[in-house]
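Asks: Below are the sequence and a predicted model for it; my questions follow.
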Protein chains: 2
Amino acid sequence: MRIREATAADWPAIWPFLRTIVAEGETYTYPRDMDEPTARRIWMLEPPGRTVVAVDEGADGGESGVVLGTAKMNPNHMGGASHIAGASFMVDPARGRKGVGRALGEHVLEWAVEEGYRAMQFNAVVETNTRAVALWKSLGFEIVATLEEGFLHPRHGYVGLHIMYQRF
Amino acid sequence: MRIREATAADWPAIWPFLRTIVAEGETYTYPRDMDEPTARRIWMLEPPGRTVVAVDEGADGGESGVVLGTAKMNPNHMGGASHIAGASFMVDPARGRKGVGRALGEHVLEWAVEEGYRAMQFNAVVETNTRAVALWKSLGFEIVATLEEGFLHPRHGYVGLHIMYQRF
């Protein structure tokens, strides 16, 4: 697996699994019927934001071109709090459980440190998304708050929405 | 004091004190040098957001036209968390300490309840802004988290950034 900058040419590979994840409505606070132009605008960031893809490597170590997942990263606040970064992640459900989320998380943290951010904040981690919560904890994040009944889950009803944070 | 919808005609009265508060950089996570078009775009909201002004009343109970303060209110998240409202407040420092902030806070909470929101979240309340913190607590908000060193204060250096929340 290799992580590299996402280009416009990657979007057709990102959109199918991003759409599926958003439509399921279980893990992200996006409108479940978000259309493609909106999704593209939200996901494919310009500086100071940045979007990357994790791509499969062939047996020869070259890139197979298969996009396994993607992450976007950006300042999470402006002005006096612009030293706090934010990030979001989407891993193709058909290709996950291979450490793709962890590799993207590590990459995003390295980027934030290199760019001079002093902290990273996740604004909205659904508490029933226990795999993600465990992954972020293992990468140094703490749950600093849970917004009670902050998320309407399509199967579980109102559940908590975690805010996760770590300083570097 | 009366609270009513802000119109384009109110902006010239809002901008001078909003600019002053933003330039001081002590209470808001906006760029301190934010220009007028950006400020106007951020502050003067279209539905589903809404912006109001608090205006002085003359001795006869009529409106004097003097803008004392302003508030904007909006969904704080999308999708499965769109039942959480957010809001921001600016009170003219030359005209504050007359209950303007409290009146705007009460108004915004009433609006959120009427509109069917189930909670309100403030994303970034600077911990040294103790008057605001005390006011929001008195209106039912709790500090659910403090992002340590989340805000670079021009006089105090890095201070905490509170996230405040209340369910209805």
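Replies: Done, it's in.
Asks: Any regions of chain A where pLDDT drops low?
Replies: A:59-64, A:96-97 (pLDDT under 70).
Asks: Let's verify the residue of it found nearest chain B: helix, strand, or coil?
Replies: Residue of chain A nearest chain B, by CB to the nearest CB: residue A:145 (3.4 Å). C-betas here are computed from N, CA, C, even on glycine. Look at residue A:145: counting by DSSP: H, G, I helix; E, B strand; the rest coil, its state is strand.
Asks: is it true that residue A:106 touches residue A:138?
Replies: No - between residue A:106 and residue A:138 there is no contact under CB atoms under 8 Å: 10.3 Å.
Asks: Chain B contacts on chain A?
Replies: Proximity of chain A to chain B is confined to A:22, A:25, A:28-32, A:34, A:77-84, A:118-119, A:121, A:123-124, A:126, A:144-154, A:158, A:161, A:163, A:165, A:167 under the rule CB under 8 Å from any CB of the partner chain.
Asks: picking up where we left off before, residue A:106 and residue A:138: which has the busier surroundings?
Replies: residue A:106 (13 against 10; other CB atoms under 10 Å in any protein chain shown).
Asks: for that one, phi and psi?
Replies: phi -60, psi -40 (degrees, to the nearest 10).
Asks: if I pick it, what's in contact with it?
Replies: residue A:139 (CB atoms under 8 Å, 6 or more residues apart in numbering or on different chains).
Asks: Give me the most central residue, chain A.
Replies: Chain A has residue A:89 as the residue nearest its centroid, 1.6 Å off, counting by CA atoms, centre = their mean.
Asks: Name all residues that make contact with it.
Replies: Counted by CB under 8 Å, 6+ apart, residue A:89 has contacts A:69, A:70, A:71, A:101, A:104, A:105, A:108, A:132.
Asks: and the residue nearest to it when sequence neighbours are not counted, what helix or strand is that in?
Replies: By the measure of CB to CB, 6 or more residues apart in numbering or on different chains, the closest residue to residue A:89 outside its immediate chain neighbours is residue A:71, 4.8 Å from it. Assigned by DSSP states H and E, residue A:71 falls within strand A:63-75.
Asks: Pairing partners for that strand, with directions?
Replies: Strand A:63-75 has its sheet partners listed here by DSSP bridges as strand A:50-57 (antiparallel), strand A:84-91 (antiparallel).
Asks: got the CA positions of the last one in CSV?
Replies: What it means is strand A:84-91. The C-alpha trace of strand A:84-91 is given here as CSV (Å, rounded to 0.1, in the frame of the first residue of the first chain):
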residue,chain,number,x,y,z
ILE,A,84,-5.7,22.6,15.4
ALA,A,85,-6.0,20.3,12.4
GLY,A,86,-8.9,18.1,11.4
ALA,A,87,-9.2,15.0,9.2
SER,A,88,-11.8,12.6,7.7
PHE,A,89,-11.3,9.1,6.4
MET,A,90,-13.1,6.8,4.0
VAL,A,91,-12.0,3.2,3.4
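Asks: Just the buried residues of the residues of chain A next to chain B.
Replies: Buried members of these, scored by 16 or more other CB atoms under 10 Å in any protein chain shown, are A:22, A:25, A:28-31, A:34, A:77, A:79-84, A:118-119, A:121, A:123-124, A:126, A:144-147, A:149-153, A:158, A:161, A:163, A:165, A:167.
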